[in-house]
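Novice: Kindly generate the corresponding structure for this input.
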Amino acid sequence: MTSKKKPTDLRQFSYGTAAAELAQDGADLPSSAQAETADSGLGPSDSEGSGAASLASLLTREEARQWFIDLRADLKQHRSDLMASMAEIKEDLAAVGRRVDETETRIDGHGDAINSLIARQDISATGIEALQAKVEDLENRSRRNNLRIRGVPEDPEFADVAGTAALICKDILLQGGEGTSDHEGTHSAVQFERAHRALGPRRDQKPRDIVLSFTSFTLKERIYTLSRQMKDIQWRNLHISIYQDLAPVTLKKRFELREVTTALREKDIRYRWTFPFGLAFQVQGITHRITNITEATEAFHKAQLPITFHPLKPTDKTPARDTAPRWQRAGKGGKRLRRQPEEGHVPHVDQG
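Specialist: Next up is the predicted model:
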(Lines give C-alpha, C1' and ligand atoms only; values in the text may rest on other atoms or scores of the structure.)
Protein backbone atom coordinates (compact mmCIF):
# COMPACT_ATOMS: atom_id res chain seq x y z
CA MET A 1 0.00 0.00 0.00
CA THR A 2 1.32 3.48 -0.98
CA SER A 3 2.13 5.97 1.73
CA LYS A 4 -0.73 8.32 2.50
CA LYS A 5 -0.22 12.01 1.73
CA LYS A 6 -1.80 14.92 3.49
CA PRO A 7 -4.97 15.80 1.57
CA THR A 8 -4.75 19.10 -0.35
CA ASP A 9 -7.55 21.62 -0.32
CA LEU A 10 -8.23 22.15 -4.05
CA ARG A 11 -10.31 25.22 -3.45
CA GLN A 12 -7.16 27.25 -3.03
CA PHE A 13 -6.12 26.40 -6.61
CA SER A 14 -9.38 27.59 -8.19
CA TYR A 15 -8.68 30.28 -10.81
CA GLY A 16 -12.10 31.77 -10.50
CA THR A 17 -11.76 32.07 -6.78
CA ALA A 18 -8.30 33.66 -7.01
CA ALA A 19 -9.50 36.27 -9.53
CA ALA A 20 -12.55 37.07 -7.42
CA GLU A 21 -10.40 37.49 -4.33
CA LEU A 22 -8.03 39.84 -6.21
CA ALA A 23 -10.94 41.90 -7.47
CA GLN A 24 -12.42 42.05 -3.99
CA ASP A 25 -9.08 43.14 -2.55
CA GLY A 26 -8.85 45.90 -5.16
CA ALA A 27 -12.35 47.07 -4.41
CA ASP A 28 -11.67 47.18 -0.71
CA LEU A 29 -8.63 49.45 -1.07
CA PRO A 30 -9.24 53.05 -0.01
CA SER A 31 -9.15 55.90 -2.53
CA SER A 32 -5.88 57.21 -1.17
CA ALA A 33 -4.24 53.84 -1.78
CA GLN A 34 -5.61 53.82 -5.32
CA ALA A 35 -4.23 57.30 -5.83
CA GLU A 36 -0.84 56.24 -4.60
CA THR A 37 -0.88 53.41 -7.03
CA ALA A 38 -1.70 55.77 -9.85
CA ASP A 39 1.04 58.16 -8.75
CA SER A 40 3.57 55.40 -8.68
CA GLY A 41 3.19 55.02 -12.43
CA LEU A 42 1.89 51.50 -12.38
CA GLY A 43 -0.60 50.96 -15.15
CA PRO A 44 -3.06 48.25 -15.95
CA SER A 45 -0.43 46.25 -17.71
CA ASP A 46 1.70 46.18 -14.59
CA SER A 47 -1.26 44.93 -12.53
CA GLU A 48 -2.01 42.21 -15.01
CA GLY A 49 1.61 41.10 -14.90
CA SER A 50 1.45 40.90 -11.16
CA GLY A 51 -1.74 38.73 -11.30
CA ALA A 52 -0.18 36.44 -13.88
CA ALA A 53 2.81 35.90 -11.64
CA SER A 54 0.46 34.92 -8.77
CA LEU A 55 -1.46 32.45 -10.97
CA ALA A 56 1.79 30.98 -12.19
CA SER A 57 2.63 30.00 -8.64
CA LEU A 58 -0.59 27.93 -8.34
CA LEU A 59 -0.94 24.11 -8.95
CA THR A 60 -0.05 23.08 -12.43
CA ARG A 61 -2.18 20.77 -14.51
CA GLU A 62 0.36 17.96 -14.33
CA GLU A 63 0.53 18.20 -10.56
CA ALA A 64 -3.27 18.10 -10.32
CA ARG A 65 -3.30 15.03 -12.59
CA GLN A 66 -0.74 13.26 -10.43
CA TRP A 67 -2.72 14.12 -7.29
CA PHE A 68 -5.86 12.52 -8.69
CA ILE A 69 -3.86 9.44 -9.72
CA ASP A 70 -2.55 9.06 -6.19
CA LEU A 71 -6.05 9.63 -4.76
CA ARG A 72 -7.49 6.96 -7.01
CA ALA A 73 -4.77 4.50 -5.96
CA ASP A 74 -5.46 5.20 -2.31
CA LEU A 75 -9.20 4.68 -2.78
CA LYS A 76 -8.58 1.45 -4.66
CA GLN A 77 -6.33 0.15 -1.89
CA HIS A 78 -8.89 1.10 0.77
CA ARG A 79 -11.59 -0.66 -1.23
CA SER A 80 -9.44 -3.81 -1.48
CA ASP A 81 -8.81 -3.78 2.26
CA LEU A 82 -12.52 -3.26 2.95
CA MET A 83 -13.53 -6.12 0.65
CA ALA A 84 -11.00 -8.44 2.33
CA SER A 85 -12.35 -7.53 5.77
CA MET A 86 -15.92 -8.13 4.60
CA ALA A 87 -14.92 -11.52 3.22
CA GLU A 88 -13.41 -12.48 6.58
CA ILE A 89 -16.54 -11.30 8.40
CA LYS A 90 -18.75 -13.33 6.05
CA GLU A 91 -16.60 -16.41 6.62
CA ASP A 92 -16.81 -15.94 10.39
CA LEU A 93 -20.59 -15.46 10.23
CA ALA A 94 -20.94 -18.60 8.14
CA ALA A 95 -18.92 -20.57 10.71
CA VAL A 96 -21.03 -19.17 13.56
CA GLY A 97 -24.20 -20.03 11.64
CA ARG A 98 -23.06 -23.62 11.19
CA ARG A 99 -22.27 -23.92 14.88
CA VAL A 100 -25.65 -22.40 15.81
CA ASP A 101 -27.43 -24.85 13.50
CA GLU A 102 -25.56 -27.73 15.10
CA THR A 103 -26.39 -26.41 18.57
CA GLU A 104 -30.08 -26.07 17.70
CA THR A 105 -30.12 -29.62 16.38
CA ARG A 106 -28.51 -30.92 19.55
CA ILE A 107 -30.92 -28.91 21.72
CA ASP A 108 -33.87 -30.39 19.85
CA GLY A 109 -32.44 -33.86 20.39
CA HIS A 110 -31.84 -33.19 24.05
CA GLY A 111 -35.39 -31.87 24.47
CA ASP A 112 -36.82 -35.05 22.96
CA ALA A 113 -34.57 -37.16 25.16
CA ILE A 114 -35.60 -35.26 28.29
CA ASN A 115 -39.28 -35.62 27.46
CA SER A 116 -38.73 -39.34 26.94
CA LEU A 117 -36.96 -39.56 30.30
CA ILE A 118 -39.81 -37.69 31.99
CA ALA A 119 -42.34 -40.13 30.53
CA ARG A 120 -40.23 -43.10 31.60
CA GLN A 121 -39.80 -41.56 35.04
CA ASP A 122 -43.57 -41.28 35.40
CA ILE A 123 -43.94 -44.93 34.47
CA SER A 124 -41.17 -45.87 36.90
CA ALA A 125 -42.73 -43.77 39.66
CA THR A 126 -46.06 -45.55 39.16
CA GLY A 127 -44.31 -48.92 39.29
CA ILE A 128 -42.35 -47.92 42.40
CA GLU A 129 -45.55 -46.84 44.15
CA ALA A 130 -47.13 -50.20 43.31
CA LEU A 131 -44.04 -52.04 44.59
CA GLN A 132 -44.04 -49.99 47.79
CA ALA A 133 -47.68 -50.86 48.33
CA LYS A 134 -46.86 -54.54 47.81
CA VAL A 135 -43.93 -54.38 50.23
CA GLU A 136 -46.12 -52.60 52.78
CA ASP A 137 -48.76 -55.29 52.42
CA LEU A 138 -46.21 -58.08 52.76
CA GLU A 139 -44.76 -56.48 55.89
CA ASN A 140 -48.23 -56.13 57.41
CA ARG A 141 -49.03 -59.73 56.50
CA SER A 142 -45.86 -60.87 58.21
CA ARG A 143 -47.13 -59.07 61.34
CA ARG A 144 -50.69 -60.41 61.16
CA ASN A 145 -50.12 -62.71 64.17
CA ASN A 146 -48.71 -59.84 66.23
CA LEU A 147 -50.24 -57.57 68.85
CA ARG A 148 -48.83 -54.66 70.83
CA ILE A 149 -49.61 -54.08 74.51
CA ARG A 150 -49.05 -50.50 75.65
CA GLY A 151 -48.96 -49.23 79.22
CA VAL A 152 -47.03 -51.96 81.08
CA PRO A 153 -44.17 -50.37 83.10
CA GLU A 154 -40.61 -51.58 82.62
CA ASP A 155 -40.28 -52.61 86.29
CA PRO A 156 -38.63 -55.72 87.70
CA GLU A 157 -42.12 -56.92 88.59
CA PHE A 158 -42.88 -57.24 84.87
CA ALA A 159 -39.46 -58.45 83.74
CA ASP A 160 -41.01 -61.70 82.52
CA VAL A 161 -42.55 -60.24 79.38
CA ALA A 162 -44.09 -63.51 78.10
CA GLY A 163 -45.65 -64.37 81.50
CA THR A 164 -47.02 -60.84 81.95
CA ALA A 165 -48.51 -60.85 78.45
CA ALA A 166 -50.09 -64.27 79.05
CA LEU A 167 -51.79 -63.03 82.23
CA ILE A 168 -53.14 -59.95 80.43
CA CYS A 169 -54.51 -62.06 77.59
CA LYS A 170 -56.09 -64.49 80.13
CA ASP A 171 -57.90 -61.64 81.90
CA ILE A 172 -59.19 -60.27 78.59
CA LEU A 173 -60.56 -63.70 77.67
CA LEU A 174 -62.18 -64.07 81.11
CA GLN A 175 -63.77 -60.60 80.98
CA GLY A 176 -65.04 -61.42 77.50
CA GLY A 177 -66.74 -64.58 78.77
CA GLU A 178 -64.22 -66.95 77.22
CA GLY A 179 -61.74 -69.26 78.86
CA THR A 180 -61.89 -70.69 82.38
CA SER A 181 -60.91 -69.55 85.80
CA ASP A 182 -58.13 -72.11 85.85
CA HIS A 183 -55.05 -69.97 85.54
CA GLU A 184 -52.84 -72.82 84.42
CA GLY A 185 -55.20 -73.96 81.71
CA THR A 186 -55.62 -70.47 80.36
CA HIS A 187 -51.88 -69.80 80.55
CA SER A 188 -51.14 -72.94 78.56
CA ALA A 189 -53.78 -72.03 75.97
CA VAL A 190 -52.11 -68.67 75.24
CA GLN A 191 -48.85 -69.45 73.48
CA PHE A 192 -46.45 -67.01 71.86
CA GLU A 193 -43.83 -67.59 69.23
CA ARG A 194 -42.06 -64.45 70.41
CA ALA A 195 -42.64 -61.89 73.18
CA HIS A 196 -40.35 -58.92 73.79
CA ARG A 197 -40.24 -55.19 74.29
CA ALA A 198 -40.25 -52.95 71.23
CA LEU A 199 -36.77 -52.30 69.91
CA GLY A 200 -35.13 -48.93 70.33
CA PRO A 201 -34.71 -46.53 73.27
CA ARG A 202 -37.54 -45.28 75.44
CA ARG A 203 -39.24 -42.06 74.38
CA ASP A 204 -40.34 -39.40 76.84
CA GLN A 205 -39.66 -41.85 79.69
CA LYS A 206 -42.69 -43.89 78.61
CA PRO A 207 -42.50 -47.68 78.77
CA ARG A 208 -41.90 -49.46 75.50
CA ASP A 209 -44.65 -51.57 73.99
CA ILE A 210 -44.72 -55.32 74.43
CA VAL A 211 -44.72 -57.02 71.00
CA LEU A 212 -46.41 -60.42 70.92
CA SER A 213 -46.29 -62.96 68.10
CA PHE A 214 -49.05 -65.57 68.63
CA THR A 215 -48.79 -69.12 67.36
CA SER A 216 -52.53 -69.03 66.60
CA PHE A 217 -53.97 -66.32 64.38
CA THR A 218 -57.50 -67.23 65.56
CA LEU A 219 -56.60 -66.67 69.22
CA LYS A 220 -54.88 -63.38 68.40
CA GLU A 221 -57.97 -62.12 66.53
CA ARG A 222 -60.26 -63.16 69.40
CA ILE A 223 -58.18 -61.29 71.98
CA TYR A 224 -57.94 -58.21 69.75
CA THR A 225 -61.70 -58.19 69.09
CA LEU A 226 -62.49 -58.48 72.81
CA SER A 227 -60.07 -55.66 73.62
CA ARG A 228 -61.77 -53.40 71.06
CA GLN A 229 -65.16 -54.18 72.59
CA MET A 230 -63.91 -53.46 76.11
CA LYS A 231 -62.36 -50.11 75.05
CA ASP A 232 -61.08 -49.44 78.61
CA ILE A 233 -58.84 -52.26 79.89
CA GLN A 234 -57.82 -52.18 83.56
CA TRP A 235 -55.25 -54.69 84.75
CA ARG A 236 -53.65 -54.49 88.21
CA ASN A 237 -54.49 -50.80 88.50
CA LEU A 238 -52.86 -50.18 85.12
CA HIS A 239 -54.60 -48.68 82.13
CA ILE A 240 -53.37 -50.64 79.15
CA SER A 241 -54.19 -50.61 75.43
CA ILE A 242 -53.87 -53.27 72.75
CA TYR A 243 -53.14 -52.44 69.11
CA GLN A 244 -52.40 -54.22 65.88
CA ASP A 245 -48.69 -54.46 65.04
CA LEU A 246 -48.40 -52.59 61.72
CA ALA A 247 -45.59 -51.45 59.43
CA PRO A 248 -44.15 -47.97 60.16
CA VAL A 249 -45.26 -46.73 56.73
CA THR A 250 -48.84 -47.74 57.46
CA LEU A 251 -48.74 -46.13 60.89
CA LYS A 252 -47.49 -42.88 59.35
CA LYS A 253 -50.31 -42.86 56.79
CA ARG A 254 -52.88 -43.53 59.49
CA PHE A 255 -51.39 -40.77 61.62
CA GLU A 256 -51.91 -38.28 58.78
CA LEU A 257 -55.62 -39.24 58.73
CA ARG A 258 -56.13 -39.05 62.48
CA GLU A 259 -58.19 -35.84 62.10
CA VAL A 260 -60.58 -37.74 59.79
CA THR A 261 -60.94 -40.73 62.10
CA THR A 262 -61.58 -38.40 65.05
CA ALA A 263 -64.39 -36.67 63.14
CA LEU A 264 -65.89 -40.04 62.18
CA ARG A 265 -65.87 -41.23 65.79
CA GLU A 266 -67.48 -37.99 66.97
CA LYS A 267 -70.32 -38.52 64.50
CA ASP A 268 -70.56 -42.21 65.44
CA ILE A 269 -69.67 -43.33 61.89
CA ARG A 270 -67.96 -46.69 61.64
CA TYR A 271 -64.88 -46.99 59.42
CA ARG A 272 -62.31 -49.59 58.44
CA TRP A 273 -58.83 -49.63 56.92
CA THR A 274 -58.40 -51.18 53.47
CA PHE A 275 -55.63 -52.40 51.19
CA PRO A 276 -54.18 -50.81 49.16
CA PHE A 277 -54.03 -48.22 51.88
CA GLY A 278 -57.28 -46.41 52.37
CA LEU A 279 -60.00 -45.51 54.82
CA ALA A 280 -63.54 -46.65 54.06
CA PHE A 281 -66.70 -45.42 55.77
CA GLN A 282 -70.39 -45.49 54.97
CA VAL A 283 -72.87 -42.61 55.16
CA GLN A 284 -76.54 -43.00 54.21
CA GLY A 285 -75.87 -46.29 52.48
CA ILE A 286 -73.04 -44.86 50.32
CA THR A 287 -69.51 -46.17 50.88
CA HIS A 288 -66.69 -43.67 50.58
CA ARG A 289 -62.97 -44.56 50.30
CA ILE A 290 -60.23 -42.02 50.83
CA THR A 291 -56.43 -42.09 50.86
CA ASN A 292 -55.51 -38.51 51.83
CA ILE A 293 -56.83 -35.34 53.41
CA THR A 294 -57.97 -33.76 50.15
CA GLU A 295 -60.10 -36.78 49.25
CA ALA A 296 -61.49 -36.77 52.80
CA THR A 297 -62.74 -33.19 52.41
CA GLU A 298 -64.40 -34.02 49.09
CA ALA A 299 -65.98 -37.19 50.48
CA PHE A 300 -67.37 -35.37 53.53
CA HIS A 301 -68.91 -32.66 51.34
CA LYS A 302 -70.52 -35.30 49.13
CA ALA A 303 -71.91 -36.95 52.26
CA GLN A 304 -73.31 -33.53 53.31
CA LEU A 305 -70.86 -33.29 56.20
CA PRO A 306 -69.42 -29.76 55.85
CA ILE A 307 -66.02 -30.42 57.37
CA THR A 308 -62.76 -29.20 55.83
CA PHE A 309 -59.51 -30.90 56.72
CA HIS A 310 -56.05 -29.39 56.37
CA PRO A 311 -52.99 -31.39 55.27
CA LEU A 312 -50.06 -31.72 57.64
CA LYS A 313 -47.51 -30.53 55.08
CA PRO A 314 -47.55 -29.45 51.44
CA THR A 315 -46.80 -31.95 48.71
CA ASP A 316 -43.41 -31.79 47.01
CA LYS A 317 -44.56 -32.85 43.56
CA THR A 318 -43.55 -30.52 40.74
CA PRO A 319 -45.43 -30.75 37.42
CA ALA A 320 -43.25 -31.80 34.51
CA ARG A 321 -42.35 -29.02 32.10
CA ASP A 322 -42.34 -29.41 28.33
CA THR A 323 -38.72 -29.03 27.24
CA ALA A 324 -39.41 -28.99 23.49
CA PRO A 325 -37.85 -25.78 22.05
CA ARG A 326 -39.94 -23.37 20.01
CA TRP A 327 -38.16 -21.74 17.05
CA GLN A 328 -39.01 -18.90 14.68
CA ARG A 329 -37.49 -17.33 11.58
CA ALA A 330 -34.57 -15.00 12.27
CA GLY A 331 -35.64 -12.42 9.64
CA LYS A 332 -37.28 -11.88 6.28
CA GLY A 333 -36.38 -14.70 3.98
CA GLY A 334 -34.01 -16.16 6.56
CA LYS A 335 -33.43 -19.88 6.37
CA ARG A 336 -32.09 -20.21 9.89
CA LEU A 337 -34.30 -20.41 12.95
CA ARG A 338 -33.94 -18.88 16.36
CA ARG A 339 -35.57 -19.77 19.63
CA GLN A 340 -38.56 -17.80 20.83
CA PRO A 341 -38.36 -16.02 24.19
CA GLU A 342 -40.06 -17.62 27.15
CA GLU A 343 -42.14 -14.45 27.76
CA GLY A 344 -41.43 -14.50 31.48
CA HIS A 345 -43.03 -17.91 31.99
CA VAL A 346 -42.42 -19.28 35.50
CA PRO A 347 -43.36 -22.94 36.13
CA HIS A 348 -46.06 -23.30 38.73
CA VAL A 349 -45.27 -25.46 41.66
CA ASP A 350 -48.28 -27.17 43.10
CA GLN A 351 -48.33 -26.47 46.88
CA GLY A 352 -51.06 -29.06 47.58
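
Novice: per-residue confidence averaged over stretch 295-312?
Specialist: Per-residue pLDDT over stretch 295-312 has a mean of 82.

Novice: hmm, who's touching it?
Specialist: Here stretch 295-312 makes contact (Cβ atoms under 8 Å, 6 or more residues apart in numbering) with 256-257, 259-260, 263, 267, 279, 283-284, 286, 288, 290, 292-294, 352. Using the backbone N, CA and C atoms, a C-beta is placed for each residue, glycine as well.

Novice: which of these are buried?
Specialist: For these, a neighbour count by 16 or more other Cβ atoms under 10 Å gives the buried set as L257, E259, V260, L279, V283, H288, I290, N292, I293.

Novice: which of these lies closest to T126?
Specialist: The shortest approach to T126 among the buried ones among the contacts of stretch 295-312 belongs to N292, at 16.8 Å (Cβ to Cβ).

Novice: Now for that closest one: which residues touch it?
Specialist: Here N292 is in contact with E256, L257, P311 (criterion: Cβ under 8 Å, 6+ apart).

Novice: about what we covered before: ok, which pair from the contacts of stretch 295-312 is furthest apart?
Specialist: Q284 and G352 (29.5 Å).

Novice: now the strands: where do they sit in the stretch 1-150 of the chain?
Specialist: Along the stretch 1-150 of the chain, counting by DSSP state E, counting those that start in this stretch, strands occupy 146-150.

Novice: picking that back up, now, which of the contacts of stretch 295-312 lie within strands?
Specialist: Secondary structure from DSSP state E places L279, V283, I286, H288, I290 of the contacts of stretch 295-312 in strands.

Novice: Using JSON lines, please lay out the residues you listed together with distance to H239 and pLDDT.
Specialist: Listed next are the ones in strands among the contacts of stretch 295-312 as JSON lines, based on distance: Cβ to Cβ, whole Å; pLDDT from 0 to 100:
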{"residue": "L279", "distance to H239": "27", "pLDDT": "92"}
{"residue": "V283", "distance to H239": "32", "pLDDT": "88"}
{"residue": "I286", "distance to H239": "37", "pLDDT": "89"}
{"residue": "H288", "distance to H239": "33", "pLDDT": "91"}
{"residue": "I290", "distance to H239": "31", "pLDDT": "92"}
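
Novice: Please convert the residues you listed to TSV, extending it with distance to R79.
Specialist: Converted to TSV, the ones in strands among the contacts of stretch 295-312 look like this (distance: Cβ to Cβ, whole Å):
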residue	distance to R79
L279	87
V283	93
I286	91
H288	88
I290	83
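
Novice: and E193, that's in a strand?
Specialist: Yes - membership of E193 in a strand is supported by DSSP: H, G, I helix; E, B strand; the rest coil.

Novice: so it makes contact with S216?
Specialist: No - judged on Cβ atoms under 8 Å, E193 makes no contact with S216 at a distance of 9.7 Å.

Novice: who's more crowded, these two?
Specialist: Shown here are E193 and S216; by other Cβ atoms under 10 Å, S216 has more neighbours (15 against 11).

Novice: For T60, see how far away that one is.
Specialist: Look at S216 and T60: by Cβ to Cβ, to the nearest Å, they are 134 Å apart.

Novice: Buried ones in stretch 118-136, by neighbour count?
Specialist: So for stretch 118-136, counting by 16+ other Cβ under 10 Å, buried means E136.

Novice: In helices only, show me the contacts of N292.
Specialist: Under the assignment DSSP state H, the contacts of N292 contribute E256 to helices.

Novice: just the contacts of N292 now: which is nearest A166?
Specialist: L257 (33.8 Å).

Novice: Quick check: chain neighbours aside, which residue is closest to the closest one?
Specialist: L279 (5.7 Å; Cβ to Cβ, 6 or more residues apart in numbering).

Novice: Roughly how far does that neighbour sit from I242?
Specialist: In terms of Cβ to Cβ, L279 sits 21 Å off from I242.

Novice: still on that earlier bit, just the closest of the buried ones among the contacts of stretch 295-312 to G109, please.
Specialist: N292 (38.9 Å).

Novice: mind pulling up the phi and psi values for that closest one?
Specialist: phi -150, psi 180 (degrees, to the nearest 10).

Novice: and the lengthiest helix in the chain, what does it pack onto?
Specialist: Longest helix of the chain, by residue count under DSSP H: helix 61-142. In terms of contacts (3 or more Cβ pairs under 8 Å, 6 or more residues apart in numbering; DSSP states H and E), helix 61-142 is packed against helix 248-256, strand 337-339.

Novice: worst average pLDDT in those?
Specialist: strand 337-339 (a mean of 50).

Novice: so how far is A263 from P306?
Specialist: 11 Å.

Novice: I meant F217, not that one.
Specialist: Distance from F217 to A263, counting by Cβ to Cβ: 32 Å.

Novice: can you check V161 too?
Specialist: Taking Cβ to Cβ as the measure, V161 falls 37 Å from A263.

Novice: Is Q304 in a helix, a strand, or coil?
Specialist: Here Q304 is recorded as coil under three-state DSSP.

Novice: So what touches stretch 189-197?
Specialist: Contacts with stretch 189-197, where a contact means Cβ under 8 Å, 6+ apart, come from 145, 154, 161-162, 165-166, 169-170, 173, 179, 208-216, 219.

Novice: got the buried residues for that stretch?
Specialist: Buried residues in stretch 189-197 (16+ other Cβ under 10 Å): A189, V190, F192, A195.

Novice: now do stretch 265-281
Specialist: Buried residues in stretch 265-281 (16+ other Cβ under 10 Å): Y271, W273, F277, G278, L279, F281.
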